[in-house]
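Participant: I'll drop the sequence and a predicted model, then ask my questions.
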Number of protein chains: 2
Amino acid sequence: MKATIKDIAHESGFSIATVSRVLNNANASYSSKTAKKIKKAAQKLGYHKNNIAASLVKQTSTTIAVIINSVKTNFSFEILNGIQKEADKNHYSVIILYAGNRSDDLTKQAIETAIDRAVSGILLVAIQLNQENINLLNESRTPYLYVSTHPNNPTKKFVSSDNHLITETAVDYLVNEGHKKIGLVGIDHHTTGKERLAGYKTKMSINKLPIDKEFIQYGDYSYESGQKIMKEIAPLIKDGHLTAVIAASDMIGAGLIKGAKKEKVSIPNDLSIVSIDGTYICEITSPELTSITQDFTQIGILSVQSLLKTKDSKFVPIKLIKRESILHI
Amino acid sequence: MKATIKDIAHESGFSIATVSRVLNNANASYSSKTAKKIKKAAQKLGYHKNNIAASLVKQTSTTIAVIINSVKTNFSFEILNGIQKEADKNHYSVIILYAGNRSDDLTKQAIETAIDRAVSGILLVAIQLNQENINLLNESRTPYLYVSTHPNNPTKKFVSSDNHLITETAVDYLVNEGHKKIGLVGIDHHTTGKERLAGYKTKMSINKLPIDKEFIQYGDYSYESGQKIMKEIAPLIKDGHLTAVIAASDMIGAGLIKGAKKEKVSIPNDLSIVSIDGTYICEITSPELTSITQDFTQIGILSVQSLLKTKDSKFVPIKLIKRESILHI
DNA sequence: ATGAAAGCGCTAACAG
DNA sequence: CTGTTAGCGCTTTCAT
């Protein structure tokens, strides 16, 4: 039915070994005439390589596994896009495994599936690993990389934005616009949140700005979370005790705007917002959200390059994009 | 290194054939005692099935390929989520292949990759196939299914919303709210657009409502498209020649709202909008968008079920969700 | 109920 | 430069 290298061997008069060599461009240990003949035969028979067979003997496949949380983050899709694009370019295919809602069990299951399939590498998108899963990964000797997460362990490889820099840039900008009462809202208690908090504190301190306890509000990066937080901080805003916040995500920013409407808080007149992420959400809200924009597509692309080739860790540059949610005072 | 069935055979004292039977629950042609022993041995050795080897001999894998356009649709992720969830449940894994921006060449490439990997089925998410690609698919004898697309060929299998019903429901609702001058904006020239247009025309006609040429505006489902269209129709609205529109997507709806601000058109006072899709975008805009909501997660789930088991075509129910973008007149 | 043996299609020594 | 051969780990007749 489907043509195999055996058929090509028959058709061209060479052995399957030679056919295999030619078709894989193995160190040119064949004459160009042979190559031409074999390629022609392959063409004629409509040959397609059976990657499964190749994987079996090579004990590795040209497949990259992406493990991802199923939480509703609107940027994962962009990262995936970047990964996909770069994988395609290198003739790799991508299999996506969900780790549920940050569940260690499901993460373990995903890792096992990846290992079972003998993938050539694993991309952990916004995934936090417990020790058991780290061990599992290490024992498998499958290369892996943290994507959009910056592990505190310096021996681990990652590709992500620099969380410290993100909040530092945001504070600087806000200070430049005349703000002194600046909050940071919607961050989580994990690495990402901690780093952003650290960057924020650093710059606040450098600028000799006090940090009220209420300036820092935790959340889960969601729209609902943003609305809830606005309810919390509305009194402060009305009192003039808070004039600007850094939102931990666009969705938090959007939730803040929504909540502000209910609380009769005017954005940006009563409160300036700079949101972290810079996805298309920023343009849909009214007012549009000024943002510290992450280059998610690039994060995806570079993570594949790192996994397959460079093996480097990398911070991907961020950008401040001015829209309408900041008031100069 | 890694345990294989050979190791289990050794450990348990049975042959690899028996081990294979037990581990695959093959028609109980083994005693339960044997089964117990073998399973214990497998457990002890930390055995994991090498699916690649199994795929090679069975000529099929427990992998589903999803072919998808890389266009920025905010709902593909939801469909993917549903697919993933249901695939997981059935112990299938999912590989995602991008077909670029509706490119026939890239689609062909994606199909070939899928076939190469001997996937057990292909899900075409919002993909339009040309004849060459249809042939390719048919020759491969790989089962495939249209997802979120309703092919005009009745022999093809699909899982999607009923596009006719979507616009019919929208028109009915708008008429009920007292509207008579109703437009349909942002649709494309492909099947989806045509079906929505047909549903719209049907109900307009039943309600004896005239359809002005300008009532129908084409687009590409994007935010920008929505803004452009608003520029186009703003004069009509101001004249009172148009009081309501059905937006072909949430992004079109959001673009309309954005454009309306520029054009000094008030939503919903000057124009009512009901948007098709009902993703989270509808809650972020101001006013919130009333929508005909598609159940994308369910579409994903049912498409896997259809591919793997039922082989049925299916329309997934839609829902009208009232928010703030409709004025009763 | 169980085992032996033949491959699935391919790659990679090893010869020549 | 090319061919022979031995598997990769698993499933599946065909015997027993």
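Facilitator: Yep, it's here. Numbers count the residues shown, from 1 in each chain, chains lettered A, B, ... in the order given.
Participant: from what I can see residue A:65 touches residue A:123, true?
Facilitator: Yes. Under the criterion of Cβ atoms under 8 Å, residue A:65 makes contact with residue A:123 at 7.0 Å. All C-beta spots, glycine's among them, are computed from the backbone N, C-alpha and C.
Participant: Between those two, point out the one with more neighbours.
Facilitator: Shown here are residue A:65 and residue A:123; by other Cβ atoms under 10 Å in any protein chain shown, residue A:123 has more neighbours (30 against 27).
Participant: hmm, stretch A:292-305 in reach of chain B?
Facilitator: No. Stretch A:292-305 does not reach chain B (Cβ under 8 Å from any Cβ of the partner chain); its nearest approach is 10.6 Å.
Participant: Residue A:93: what's it in contact with?
Facilitator: By Cβ atoms under 8 Å, 6 or more residues apart in numbering or on different chains, residue A:93 lies in contact with A:62, A:63, A:64, A:87, B:95, B:97, B:113, B:117.
Participant: State the distance from the second one to residue A:113.
Facilitator: Same thing as residue A:63. Residue A:63 sits 11 Å away from residue A:113, going by Cβ to Cβ, to the nearest Å.
Participant: How about the fifth one?
Facilitator: Computed as Cβ to Cβ, the residue B:95 to residue A:113 distance reads 12 Å.
Participant: Tell me which of these two has more neighbours.
Facilitator: Counted by other Cβ under 10 Å, residue B:95 and residue A:113 do not tie: residue B:95 has more neighbours, with 22 against 19.
Participant: The more buried one and residue B:119 touch, don't they?
Facilitator: Yes. Using Cβ under 8 Å, residue B:95 is in contact with residue B:119, at 6.9 Å.
Participant: what sits in contact with each of the two?
Facilitator: Shared contacts of residue B:95 and residue B:119, defined by Cβ under 8 Å, 6+ apart, are found at B:63, B:64, B:65.
Participant: Just put these in a markdown table and tack on pLDDT.
Facilitator: Putting the shared contacts of residue B:95 and residue B:119 into a markdown table (pLDDT from 0 to 100) gives the following:
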| residue | pLDDT |
| --- | --- |
| B:63 | 89 |
| B:64 | 93 |
| B:65 | 93 |
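Participant: Okay, and which of those map to strands?
Facilitator: Under the assignment DSSP state E, those contribute B:63, B:64, B:65 to strands.
Participant: Rebuild these as TSV, extending it with distance to residue A:229.
Facilitator: What follows is these, written out as TSV (distance: Cβ to Cβ, whole Å):
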residue	distance to residue A:229
B:63	42
B:64	40
B:65	41
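Participant: Show me the subset of those residues that also lies near DNA strand D.
Facilitator: By Cβ under 7 Å from any atom of the strand, no member of these lies near DNA strand D.
Participant: Looking at those, which one is closest to DNA strand D?
Facilitator: When these are compared for distance to DNA strand D (Cβ to the nearest atom of the strand), residue B:63 wins out at 14.5 Å.
Participant: Apart from its chain neighbours, what residue comes closest to that closest one?
Facilitator: Excluding the flanking residues, the one nearest residue B:63 by Cβ to Cβ, 6 or more residues apart in numbering or on different chains is residue B:119, at 4.8 Å.
Participant: Check residue A:297 too.
Facilitator: Spatial nearest neighbour of residue A:297, excluding adjacent residues (Cβ to Cβ, 6+ apart): residue A:82 at 4.0 Å.
Participant: How about the helix or strand where the one you found lies, which residues are buried there?
Facilitator: Applying DSSP states H and E as the criterion places residue A:82 in helix A:76-89. Residues A:76-88 are the ones in helix A:76-89 that count as buried (16 or more other Cβ atoms under 10 Å in any protein chain shown).
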